[in-house]
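Asks: Here is the input, now give the coordinates:
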Amino acid sequence: MTTTAAPATTPFRFFDVHVVRTRRLGPSMVRITFGGERLGDLASGGRDQRFKLFLPQAHQSEPVFADQGENWYAAWRVQDPAERPLMRSYTIRAQRHDPVEVDVDFALHGADAPGAARTGGPASRWAASAVPGDRVSILGPAVEDNGGVDFRPPPGTDWILLTGDETALPAVAGILGWLSPGTQAKVFLEVAHADDRQELPTFADADITWLVRDEQPADGSGTLLETVRAAGLPEGTPYAWIAGEAGCVKALRRHLVQERAFDRRAVKFTGYWRRGASEEDLLAEYVAGTAAATDED
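Replies: Numbering: from 1, shown residues only. Modelled structure (predicted):
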């Protein structure tokens, strides 16, 4: 069982990148490959490595920053919201060095649906229409051991539990690809359509259960929460990683800690999105929370 401790610092830097190509992975997901002159200096820690993606406003051809130095966040906060780059968090799905490229998988949330049926936030809509040459910026890791990796099973872990929806699929794929040979893993993944399922290569001893919302019974018995609640889990000391819709993540964590007696310190949980809230709502909460934390310091 491979274990890692969290680093004391979070060394990140800006990279100006462009779209090299796009590839549809299924009805709900598109993979966008980025390239850039300095992208070879990006050092992903693998697993669920997150980074900040900055998109231009609709009237801009590239993100416009007031500052990309150490005080970038303070400068970004006070920029005119109509001019400052749109900021989102994503997972590095794959990284290659010959040629230097990074893959990022985007959940579309219906952003490419026809006519009035179109949904999704600005990032989903951007991804749905991205073409080679489109320019964006990344705030990514400059060293492999960085604070943008959350999946860190502690010493003594006997088996892994991974759960998530399509927004968590890139991170789950990265985690499975990183796990040591023979690591026991129980994986539960929920996607919108059967064609959203993907091959997830791993050396781990992984038992993967796919749940398809299109095929779920009307009584709710096929949801992610109910499936995990009814599942038989391995013996031994677990480490759980949960991500996806915030309400579902919260309910799963409560189930694992209160009903399954998981040590709460061994449950890493992250709400990637929240039902009923837009990307801008969540970003506003993030900005307000970060500002409050800064003021307390």
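
Asks: can you count the residues close to the nearest residue to Thr223 once chain neighbours are set aside?
Replies: For Thr223, ignoring the flanking residues on the chain, the nearest one in space by CB to CB, 6 or more residues apart in numbering is Gln216 at 6.7 Å. Heads up, the C-betas are built off the backbone N, CA and C, glycines and all. By the criterion of other CB atoms under 10 Å, Gln216 has 16 neighbours.

Asks: do Val78 as well
Replies: 9.

Asks: If we ignore the residues flanking it in sequence, what's nearest it?
Replies: Closest residue to Val78 in three dimensions, ignoring its sequence neighbours and counting by CB to CB, 6+ apart: Ala66, at 7.7 Å.

Asks: Check what pLDDT the one you found gets.
Replies: At Ala66 the predicted local confidence, pLDDT, stands at 96.

Asks: returning to what we had before: for Leu252, see how far away the residue nearest to Thr223 is.
Replies: Here the criterion is CB to CB, to the nearest Å. By it, Gln216 lies 16 Å from Leu252.

Asks: Tell me which other helices or strands the longest strand seen in the chain touches.
Replies: The residue-count maximum for a strand in the chain (DSSP state E) belongs to strand 12-26. Where contact means 3 or more CB pairs under 8 Å, 6 or more residues apart in numbering; DSSP states H and E, strand 12-26 is packed against strand 29-35, strand 100-107, strand 135-141.

Asks: now these as a markdown table including mean pLDDT?
Replies: Listed next are the helices and strands packed on strand 12-26 as a markdown table, based on pLDDT from 0 to 100:
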| stretch | mean pLDDT |
| --- | --- |
| strand 29-35 | 98 |
| strand 100-107 | 97 |
| strand 135-141 | 97 |
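
Asks: in this protein, which spans are helices?
Replies: In chain order, the chain shows helices spanning 72-78, 122-129, 169-178, 224-230, 246-254, 279-296, with DSSP state H as the criterion.

Asks: Tell me which strands the longest strand of the chain pairs with, and in which orientation.
Replies: Taking DSSP bridges as the criterion, strand 12-26 sits next to strand 29-35 (antiparallel), strand 135-141 (antiparallel) in its sheet.

Asks: which stretches of the stretch 151-297 of the chain form strands?
Replies: Along the stretch 151-297 of the chain, counting by DSSP state E, counting those that start in this stretch, strands occupy 159-165, 184-191, 205-212, 238-245, 267-273.

Asks: quick one: least confident helix or strand in the chain?
Replies: Least confident helix or strand, the chain: helix 279-296 with a mean of 61, by mean pLDDT, DSSP states H and E.

Asks: Show me where the stretch 51-200 of the chain dips below the pLDDT cut-off.
Replies: Low-confidence segments of the stretch 51-200 of the chain (pLDDT under 70): 111, 113-118.

Asks: quick revisit: please verify my assumption that the residue nearest to Thr223 contacts Glu226.
Replies: No. Counting by CB atoms under 8 Å, Glu226 is not a contact partner of Gln216; they are 9.5 Å apart.
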